[in-house]
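Asks: when you get a sec, could you give me coordinates for this:
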Amino acid sequence: MSEEAVKVLKRAREPKIRKFFLMDRDYAATRAPGYRIENKTRLLRSGRILGPEPGRRGFPNYPEAPRVLIDTKFGRPLRDWEECSQYWLISDRMKAVLEEVDPQACAFVKCEMRLRNCEPGPGYWLCDVVRVLDAVEEAESRVKIYDERGDKTYSLMGGARLVFKEDVVRSAHIFRMAHLEPAVVCDQKFKDAYKAAGLRGISFRDAANY
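Replies: The predicted structure follows:
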């Protein structure tokens, strides 16, 4: 076997390092999205913000489906991914990609959508990433760590370099960080699927060079 063939075989055997990304909204759209949740008070009940119950992910048992009015007087047209308090508001297309790439990562609640003229609107869902992993390899990462009375939290302020434990992430493609739950991480497979589907609304930042 030639020296060049040996080098090619060696490269093929070397494990590929997965790239991870932090997901955020695409700031190219400066206007707010044009929608309102008409029955938000009913959904909140005694809470102050639309989000999971303390210490849990996912959705409480809502008394009724979220009713969403789409109206351009509120803002710009909806994209496939929008922030919605502590949840996401996502299109049918976005939901299909999430379920195809990582069916165990998220929980969904179907919304009742209507347009200003009272016609039915496009299909949208509330979405929450429910998988939470303690997967940061702290010894190899550059991240601020705060620990008060055993309650450890991460901060990405000022930049960070995040390295994740493959033996913890395993087959997951989308997850939250255990000590920084608002942050959602995805790998290259989800990013590629998102781009291939032509979806809009998310920006991706390299977790190793944040």
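Asks: show me what counts as buried in the longest strand seen in the chain.
Replies: In the chain, with assignment by DSSP state E, the single longest strand is strand 180-187. Of all the residues in strand 180-187, those buried under the rule 16 or more other Cβ atoms under 10 Å are Leu180, Ala183, Val184, Val185, Cys186, Asp187. C-beta here means a position set from N, CA and C on the backbone, and glycine is covered the same way.
Asks: assign a three-state SS to the closest residue to Val130 other than its chain neighbours, would you?
Replies: Residue nearest to Val130 in three dimensions, not counting chain neighbours: Arg57, with 4.1 Å by Cβ to Cβ, 6 or more residues apart in numbering. Under DSSP: H, G, I helix; E, B strand; the rest coil, Arg57 falls in the coil class.
Asks: enumerate every residue touching the most centrally placed residue in the chain.
Replies: For the chain, the residue nearest the mean C-alpha position is Val184 (4.6 Å; Cα atoms, centre = their mean). Counting by Cβ atoms under 8 Å, 6 or more residues apart in numbering, Val184 touches Leu22, Met23, Val129, Ile174, Phe175, Arg176.
Asks: ok, which stretches of the chain are strands?
Replies: Counting by DSSP E, the chain has strands at residues 20-25, 35-37, 67-70, 81-84, 87-91, 106-110, 112-115, 124-129, 132-133, 144-148, 151-155, 174-177, 180-187, 202-206.
Asks: coming back round to it: relative to Arg142, which of the contacts of Val184 is nearest.
Replies: The closest of the contacts of Val184 to Arg142 turns out to be Leu22 (Cβ to Cβ; 14.1 Å).
Asks: wait, the closest one sits on Val185?
Replies: Yes: contact criterion Cβ atoms under 8 Å: Leu22 and Val185 qualify, at 6.0 Å.
Asks: any chance of the buried residues of strand 180-187 in a markdown table, plus distance to Lys16?
Replies: Below are these laid out as a markdown table (distance: Cβ to Cβ, whole Å):
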| residue | distance to Lys16 |
| --- | --- |
| Leu180 | 26 |
| Ala183 | 24 |
| Val184 | 23 |
| Val185 | 18 |
| Cys186 | 17 |
| Asp187 | 11 |
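Asks: and those, which is closest to Arg149?
Replies: Using Cβ to Cβ, those come closest to Arg149 at Leu180, 17.6 Å.
Asks: show me the contacts for that closest one.
Replies: By Cβ under 8 Å, 6+ apart, Leu180 lies in contact with Thr153, Tyr154, Ser155, Leu156.
Asks: what residues sit buried inside stretch 121-133?
Replies: Quick answer for stretch 121-133 (16+ other Cβ under 10 Å): Gly121, Tyr124, Trp125, Leu126, Cys127, Asp128, Val129, Val130, Arg131, Leu133.
Asks: ignore what I typed, I meant stretch 202-210.
Replies: Buried residues in stretch 202-210, counted by 16+ other Cβ under 10 Å: Ile202, Phe204, Ala207, Ala208, Tyr210.
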